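> Fold the following and give me the result.
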Amino acid sequence: MAMMTLQNPVKARFERITTDLKDVTKAQKSFGKALDKALPHRELPMETDAMADHPRLINRAIAMHLLREGQFSVASTFLKEATDHPPGREAHTISQTDEDGDDDMESEDDLEDEMAGLHSEHLQNKFAEMYSILSQLKDHNLLPAISWAHANGVHLEARGSTLEFELIKLQYVWLFKGPSVNGLPDDPATNGLGGAINYARQNFPRFQNRHLLEIQQLSSAVVFAPNLAKSPYSHIFETESAFEDVAMSFTREFCSLLGLSAESPLYIAVTAGSIALPRLIKYTTYMREKKTEWTTENELAFATPLPEFMIYHPIFVCPVSKEQTTQDNPPMMLSCGHVLCRESLNNIVKAARYKCPYCPTEGHLKDAIQIRL
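Below is the predicted model of the structure:
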């Protein structure tokens, strides 16, 4: 009798749990059916894999992406495995053209050398330095970034970069805010209004030639220090997104000095492909129903709406034909220095000689040089 009394509450609890699980299982199955209906499994629109012939190029892109993301241990493991178990030799490496439109696609040895370069400590150390500085910027410490910009000032100046001034300007603003905002030691000589003035005297003079107006505005704001929020210079001292903006500028300039783009090419390619894929599937399905095909390999039959940061301007437009150059129609530099696309050059050639359409210079077709921008 006592056992029955004890079993009844336990049994009731188990039945209640089972009922609850049935409701959860039913909802889960319904969700699965709705998901399958809304997102049916579809075959990829391409019957052939365009990247299958270039596994080494893909490995290089993945390794570079991992390095750029600061995943150094993962990149090291990936590179080791890619080197220990190299993919088969690309079938079209020699005959295919590259993105420049010529036939100098990197050879097997070039790719192996570059993979070894990615494995080098130098490149990893560079990205480690970049992430260390970005971490400091995230904590509102500008000094490491300023030191880097000053050390690379010659190269940044040659590029027309304003990064060093932007960093020093933000440091001035940050000191101007005072210890109650920036959390730095409360020393009138190095922080607050007095610290900002001293910092400006030490660093602003060498930027007068390029940034005189901004320096004047920053200096004039001292007069409005008691009521800066209602002054004409209040917008200059807003720091809500300033650190994020300067971090993006720093990343862009750092990568540029390494000969790299600010964004990861792998990320851009995958994101753009993901945006284009639904339209491509829809278009391919329609074309199959109509029993027709799009035969142009390097061009889609429709435009894909991409975000602004993925829209790149043409590198070169021929001044004669007004057309953008392509792989099959690359830019050619004449002996006089003017540049035309190859088709326009061929149209003005007579008996292997040409006359430049923009100056009196004449030359031989063999003297024209293909340029890579």
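> Can you list the residue ranges for helices in this structure?
Along the chain, the stretches classed as helices by DSSP state H are 2-38, 55-68, 72-84, 108-118, 121-138, 143-151, 153-158, 163-177, 179-182, 192-203, 208-220, 242-257, 265-289, 342-348.
> least reliable of these going by mean pLDDT?
Taking each of the helices of the chain in turn, the one with the lowest mean pLDDT is helix 108-118, at a mean of 59.
> returning to what we had before: which one of the helices of the chain lies closest to Cys359?
For the helices of the chain, distance to Cys359 was read as C-beta to C-beta. The smallest value, 12.8 Å, belongs to helix 342-348. (Each C-beta comes from the backbone N, C-alpha and C, glycine too.)
> helices and strands around the closest one, which ones?
strand 331-333, strand 353-355 (3 or more C-beta pairs under 8 Å, 6 or more residues apart in numbering; DSSP states H and E).
> ok, and what's touching the last one?
The reference is to strand 353-355. By C-beta atoms under 8 Å, 6 or more residues apart in numbering, the residues outside strand 353-355 that reach it are Leu334, Leu345, Ile348, Thr361, Glu362, Gly363, His364, Leu365, Ala368.
> Could you pull up the residues touching the third one?
Contacts for Ile348 (C-beta under 8 Å, 6+ apart) come out as Leu340, Tyr354, Lys355, Pro357.
> Check the second one too.
By C-beta under 8 Å, 6+ apart, the contact list for Leu345 reads Met332, Leu334, Tyr354, Leu365, Ala368.
> try 7 Å
Applying C-beta atoms under 7 Å, 6 or more residues apart in numbering, one finds that Leu345 lies in contact with Met332, Tyr354, Ala368.
> Out of those residues, the closest to Pro278 would be?
Once C-beta to C-beta is applied, the member of the contacts of Leu345 that ends up nearest Pro278 is Met332, at 39.2 Å.
> could you list every residue that touches the closest one?
When contacts are counted by C-beta under 7 Å, 6+ apart, Met332 is found next to Val339, Leu340, Cys341, Arg342, Leu345, Ala368, Ile369, Gln370.
> Kindly check the end-to-end length of stretch 323-331 for me.
With C-alpha to C-alpha, to the nearest Å as the measure, the ends of stretch 323-331 fall 11 Å from one another.
> what about that stretch, distance to the chain center?
The chain centroid and the centroid of stretch 323-331 are separated by 25 Å under C-alpha atoms, centre = their mean, to the nearest Å.
> bridging residues for the closest residue to Ala368 other than its chain neighbours?
In space, and not counting its chain neighbours, Ala368 is closest to Met332: 4.6 Å by C-beta to C-beta, 6 or more residues apart in numbering. Partner residues in beta bridges with Met332: Leu340, Gln370, with DSSP bridges as the criterion.
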